[in-house]
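Asks: no sequence for this one, just the structure:
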Ligand code: NAP
């Protein structure tokens, strides 16, 4: 199937273009970007121009930051194209609901992707936790914003999510692997004096079995980066490390070597191909709901100004 990629920035070049090049399902047939291009691929500087010139391209994948994404998604759906959304799927929950409504009304596929759910050991962790009694679960997601988002000021603008840009990846794993529904009970959000989005956050959740479920997100971590989930259960302790790529039970390596496609983005594109073939929609907004709740309920503190 032919696909167009819009928003040719960091994640498009790092992940989407290689995943599409290696895929048997997809041919990258056009790009839409005000500045970026991909060698050998037809380039358009506006979505309208691409939609008009390329009626044969039935699928559009959007890699823009969340705030400008809605207009692109709505235009693509209105033009009868299937849509794949980078995470987070939008800037607000209501706009995501509207995109889903538009897709359903037109019989189109839409996919709110969560790349971290496709990490190597997430499925194994989910299977392990399914029949365990959870006592506590703690997420430590600490990374260096200067390393992973160099100069991306949008991330600290309203709708950019700040530390929840990576934190939502942890929440996407959490909402995938936990057998029980949780909801936010408390949060502290740390806003740099000169920014509109938090640079760090701590979250506490209510769990139906009264397990203590908490998160520690920080964008200021230099040196070694930490993306870990530790779940202490009556039957043993699970640790998911390296963003879900490695798993340990009671300290010993565990989990499975996944067969088939290697890598988070190749698996996302394989799922998108299935959704389009089967005329399905996948718009799970649960990670984003927890982030919205943190903005609703969180106590705010002001911390030192941040400059890239
Ligand atoms: P980016 O490089 O800053 O932006 C991607 C592209 O979006 C830009 O190159 C730009 O393309 C376009 N864009 C930016 N602002 C726009 C606007 N106001 N209107 C129209 N187009 C605009 O960001 P990124 O790191 O690729 O992140 C994009 C999305 O991917 C985010 O939602 C992020 O959470 C997600 N993501 C990022 C990473 C990562 O490691 N960076 C990892 C996983 C997921 P043109 O200027 O050329 O049009």
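Replies: Happy to help now that I have it. Quick caveat, the model's predicted, so the values are computed rather than measured.
Asks: show me what contacts the residue in the chain positioned nearest to the ligand?
Replies: The ligand sits closest to residue 9 of the chain, with a gap of 2.3 Å, by CB to the nearest ligand atom. Yep, even glycine has a C-beta here, placed from its N, CA and C like the rest. The contact partners of residue 9, taken as CB atoms under 8 Å, 6 or more residues apart in numbering, are 33, 36, 63, 64.
Asks: from these, which two are the most distant?
Replies: Greatest spacing in these, by CB to CB: 36 and 64 (11.0 Å).
Asks: count of neighbours near residue 294?
Replies: 24 (other CB atoms under 10 Å).
Asks: distance of it relative to residue 88?
Replies: 13 Å (CB to CB, to the nearest Å).
Asks: related to what we said a few turns ago, quick one: least confident of the contacts of residue 9?
Replies: For these, the weakest pLDDT value sits at residue 36, with 93.
Asks: ok, which stretches of the stretch 151-300 of the chain are strands?
Replies: 183-192, 200-206, 212-218, 226-233, 236-241, 246-249, 252-254, 299-303 (DSSP state E, counting those that start in this stretch).
Asks: turn those strands into TSV, columns for distance to residue 261 and mean pLDDT.
Replies: Formatted as TSV, these follow (distance: least, CB to CB, whole Å; pLDDT from 0 to 100):
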stretch	distance to residue 261	mean pLDDT
strand 183-192	34	98
strand 200-206	32	98
strand 212-218	29	98
strand 226-233	21	98
strand 236-241	20	98
strand 246-249	18	97
strand 252-254	22	95
strand 299-303	41	98
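Asks: how about the ones you listed in a markdown table, adding distance to the ligand?
Replies: A markdown table is the format used below for these (distance: least, CB to the nearest ligand atom, whole Å):
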| stretch | distance to the ligand |
| --- | --- |
| strand 183-192 | 18 |
| strand 200-206 | 16 |
| strand 212-218 | 14 |
| strand 226-233 | 12 |
| strand 236-241 | 18 |
| strand 246-249 | 19 |
| strand 252-254 | 26 |
| strand 299-303 | 22 |
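Asks: reformat those as CSV; add mean neighbour count and distance to residue 160.
Replies: As requested, these are exported to CSV (neighbours: other CB atoms under 10 Å; distance: least, CB to CB, whole Å):
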stretch, mean neighbour count, distance to residue 160
strand 183-192, 18, 12
strand 200-206, 20, 14
strand 212-218, 20, 14
strand 226-233, 19, 20
strand 236-241, 19, 26
strand 246-249, 18, 29
strand 252-254, 12, 36
strand 299-303, 11, 16
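Asks: looking at residue 36 and residue 64, which one has more neighbours?
Replies: The neighbour count for residue 36 versus residue 64, taken as other CB under 10 Å, is higher for residue 64 (22 against 18).
Asks: ok, the more buried one to residue 304 distance?
Replies: Using CB to CB, we find residue 64 at a distance of 30 Å from residue 304.
Asks: about what we covered before: return only those of the contacts of residue 9 found close to the ligand.
Replies: Among the contacts of residue 9, the ones lying close to the ligand by the criterion of CB under 6 Å from any ligand atom are 33, 36, 63, 64.
Asks: pretty sure the second one is in a helix, no?
Replies: No. The secondary structure assignment for residue 36 gives coil rather than a helix, going by DSSP: H, G, I helix; E, B strand; the rest coil.
Asks: for it, which non-adjacent residue is spatially closest?
Replies: Distance criterion CB to CB, 6 or more residues apart in numbering; nearest residue to residue 36, sequence neighbours excluded, is residue 8 at 2.7 Å.
Asks: how many neighbouring residues does the one you found have?
Replies: Neighbours of residue 8 (other CB under 10 Å): 22.
Asks: that one touches residue 63, doesn't it?
Replies: Yes. The criterion here is CB atoms under 8 Å, and residue 8 meets it with residue 63 at 7.4 Å.
Asks: buried stuff in the helix or strand hosting residue 141?
Replies: Using DSSP states H and E, residue 141 sits in strand 134-142. For strand 134-142, a neighbour-count test (16 or more other CB atoms under 10 Å) marks 134, 135, 137, 139, 140, 141, 142 as buried.
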